[in-house]
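> How does the following fold in three dimensions:
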Amino acid sequence: MASKKVSVDYNKLSSARLLNRIFFHNRVRTMLSPSVLVLGVLSVGVPFALEVVPDYVQQHKACRQQDYQSILSAGFYYHRLTRLNRQAERNRYTRLVTISEGSEGRDVLHQHCIARELHSRLALVLLKAHPGAIVFDYRYTTDNCPTDSPSSRHLQAALDAAVSDRIDVVLGLADLTQRELDSAEIGNSVARRLDPSEAILDPQQWHPVALGEQYVHYGLVRLQCEVELLPLSWSTYTRSDLKKSERLPTLARATAEAFDPGVLSQGDVQKADADQIELVVPFLTQKEIMQVSATRLLCGTDSGPGAWKNCAGENTSPALLHELSSHIVIVCSFGSDDRHATPIGGSVPGGVLQANYIEALLGGTYYERANWLIGLPISFGWFVALHRIWKRHEFSPVRALVMAVSLSVLIVVGAYVVFARLFNAWLILWPPGAIAIVGKCMELLLTRRKERHGAQKIATS
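All right, here's what the predicted structure looks like:
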């Protein structure tokens, strides 16, 4: 009797397992029906394609402001989520000295010799503040202002004075693509035409201070098209024979190394540069970075365009000099020719981005971008979860909508917390919410229409 009872229980258990397996397969088949699969591929694949395909087709993205405003783009969520880590973001290291048309005048932005005269005066006044470093976010070349001009000699003398005072000076370098070489009418100055991914240091680059000086540093001013990616170095040719390319530091990296050489010896930065891993920057907005106009620094007040020409720093506020002391002072243009689309708004000056990069490097507030192979399955699982909500509450669309939006918020914020806080990584998610919700609404409407049509046929028959 005992052995027979065990046998019956075993058979019942086997039958239960078989029924559970059939039930599971039926549920999976229902969940992954052809319509669900098609909608899932569209929901995840379209945002993924919009984010990734241009990298392979065009070698770069359009990088328009619309890319940061579309809810189908990962860039839409970038700034909104990195701000959750706000306590790590502060304007601790950098200060901006801005040059704009409204404050300093139009001629400063378009006539390079006049700009160099202004830069020389700013450098001499900044010596009084004894900053941690003076950075000029400019490309100095010999074609737009001769090296023997009075303005060039004044700037060179001012920079020599800063170096003599043991103040680090960081100057911008320009590297040019073939299109830029042709535009400058110096395309024939190199051994061959450059490929689209290649660049060469501007043959007309001017070095106002000797390269070998201990307190003089040069960095490339070129930025990533996706400005949230922190550039550390660029591969560029330095000679017209194009026999060998070199990796030159960017302006932000050169500045950070000058200010604190030890901060870039950390393993993650070195590894990122060696392996070409993309680092991601959480942005401070333009208003969150301390800035002062060049005219106010020289004259003591904002006296209007051109007023700086009559000032030599005799009325500079001591409190302002104290505010600049020991900080990295970036002299930059707020003109129309150096503005970029960003997650913090369109038309952001390049100097604001350089300040953000320097803050991120010195403060260690950057993230390593996680592999997209991790984000893609999470995005598809996100869609499956949305589908289950709509399936379960198909007769309560308002409730389903609220639950779908709530779940999406939890997934995005949860993924950010796990990856950013625990792994110091930024995970790109391709949100399926918009397409999934619209698709499910259409599916629900078609299903109800089909049911009403079937009910009418039965009633008439």
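> residues near Asn188, how many?
When counting by other Cβ atoms under 10 Å, one arrives at 9 neighbours for Asn188. All C-beta atoms are positioned from the backbone trio N, CA, C, and that covers glycine.
> distance of it from Pro203?
Per Cβ to Cβ, to the nearest Å, Asn188 is found 11 Å from Pro203.
> do Gly351 as well
Gly351 is 26 Å from Pro203, by Cβ to Cβ.
> pLDDT score for Ile328?
Ile328 is assigned a predicted lDDT (pLDDT) of 98.
> Hmm, it is touching Val135, no?
Yes: contact criterion Cβ atoms under 8 Å: Ile328 and Val135 qualify, at 6.2 Å.
> is it true that Gly219 lies in a strand?
Yes: secondary structure assignment (DSSP: H, G, I helix; E, B strand; the rest coil) places Gly219 inside a strand.
> how many neighbours does Ser183 have?
11.
> Make 54 the starting number, not 1.
OK, 54 is where the count begins now, so the last one is Ser236.
> Contact partners for Asp294?
Neighbouring residues of Asp294 by Cβ atoms under 8 Å, 6 or more residues apart in numbering: Ala244.
> how far away is it from Trp259?
Distance from Asp294 to Trp259, by Cβ to Cβ: 21 Å.
> Then Val150?
Distance from Val150 to Trp259, counting by Cβ to Cβ: 21 Å.
> These two: which is more packed in?
A count of neighbours by other Cβ under 10 Å puts Val150 above the other of Val150 and Trp259, at 24 against 20.
> So the more buried one is in contact with His380, correct?
No: using Cβ under 8 Å, Val150 is not in contact with His380, being 11.0 Å away.
> For the stretch 254-403 of the chain, which segments count as helices?
All helices of the stretch 254-403 of the chain, identified by DSSP state H, counting those that start in this stretch, fall at 304-312, 320-327, 347-352, 371-377, 403-416.
> how far is the second one from where the chain is centred?
Looking back up the chat, that one is helix 320-327. Remark: helix 320-327 is offset 18 Å from the chain centroid, using Cα atoms, centre = their mean, to the nearest Å.
> same question, the longest one
How far helix 403-416 lies from its chain's middle: 11 Å, per Cα atoms, centre = their mean.
> Return the list of helices and strands in contact with it.
strand 147-152, strand 186-192, strand 282-283, helix 304-312, strand 381-386, strand 392-395 (3 or more Cβ pairs under 8 Å, 6 or more residues apart in numbering; DSSP states H and E).
> just the shortest one next, same as before
Using 3+ Cβ pairs under 8 Å, 6+ apart as the contact definition, the elements that helix 347-352 packs against are strand 147-152, helix 154-157, helix 165-182.
> And the pLDDT at Gly320?
Reading off the confidence values, Gly320 has pLDDT 61.
> Report the beta-bridge partner residues of Val223.
Val188, His270 (DSSP bridges).
> the helices in the stretch 104-253 of the chain, which residues?
Under the criterion DSSP H, counting those that start in this stretch, the stretch 104-253 of the chain carries helices at the ranges 128-135, 154-157, 159-163, 165-182, 203-217, 231-236.
> So what touches the shortest one?
Read that as helix 154-157. Identification of contacts with helix 154-157 by Cβ under 8 Å, 6+ apart yields 161-162, 171, 346-349, 355, 357-359, 361, 388.
> For the stretch 404-514 of the chain, just list every one of the strands.
With DSSP state E, counting those that start in this stretch as the criterion, the stretch 404-514 of the chain has strands at 420-422, 478-479.
> separation between the residue nearest to Gly403 when sequence neighbours are not counted and Gln164?
Excluding its sequence neighbours, the residue lying closest to Gly403 (Cβ to Cβ, 6 or more residues apart in numbering) is Asp391, at 4.2 Å. According to Cβ to Cβ, Asp391 and Gln164 sit 16 Å apart.
> Let me see the contact set for Asp313.
When contacts are counted by Cβ under 8 Å, 6+ apart, Asp313 touches Leu415.
> now do Val222
Counting by Cβ under 8 Å, 6+ apart, Val222 makes contact with Ala176, Ala186, Ile187, Val188, Phe189, Leu212, Ala215, Val216, Val262, Tyr268, Val269, His270.
> do Leu283 as well
Counted by Cβ under 8 Å, 6+ apart, Leu283 has contacts Gln277, Ala305, Glu331, Leu332, Val333, Val334, Tyr410, Ala413, Leu414, Tyr419.
> hmm, 6 Å instead?
When contacts are counted by Cβ atoms under 6 Å, 6 or more residues apart in numbering, Leu283 touches Leu332, Val334, Tyr410, Tyr419.
> and which of those is nearest to Pro314?
Using Cβ to Cβ, Tyr410 is the member of those that lies nearest Pro314, at 17.0 Å.
> Setting aside sequence neighbours, what's the nearest residue to the closest one?
Nearest to Tyr410 is Ala305, by Cβ to Cβ, 6+ apart, at 3.5 Å.
> what about that neighbour, neighbour count?
30.
> my read: it touches Asn409, true?
No: counting by Cβ atoms under 6 Å, Ala305 sits too far from Asn409 to count as a contact (8.6 Å).
> thinking again about what came up before, distance to Arg206 added to the helices and strands packed on helix 403-416, as TSV?
TSV is the format used below for those (distance: least, Cβ to Cβ, whole Å):
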stretch	distance to Arg206
strand 147-152	20
strand 186-192	16
strand 282-283	36
helix 304-312	24
strand 381-386	19
strand 392-395	31
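> Ok, which of these comes nearest Phe436?
Nearest of these (Cβ to Cβ): strand 282-283, 27.1 Å.
> List the strands paired with that closest one, with their directions.
Assessed with DSSP bridges, strand 282-283 is paired to strand 332-333 (antiparallel).
> With Leu463 as the reference, measure out to the closest residue to Glu299 other than its chain neighbours.
In space, and not counting its chain neighbours, Glu299 is closest to Thr291: 5.5 Å by Cβ to Cβ, 6+ apart. Note on Thr291: its distance to Leu463, by Cβ to Cβ, is 51 Å.
> OK, contacts around Leu208?
Leu208 makes contact with Arg169, His172, Ser173, Pro261, according to Cβ under 6 Å, 6+ apart.
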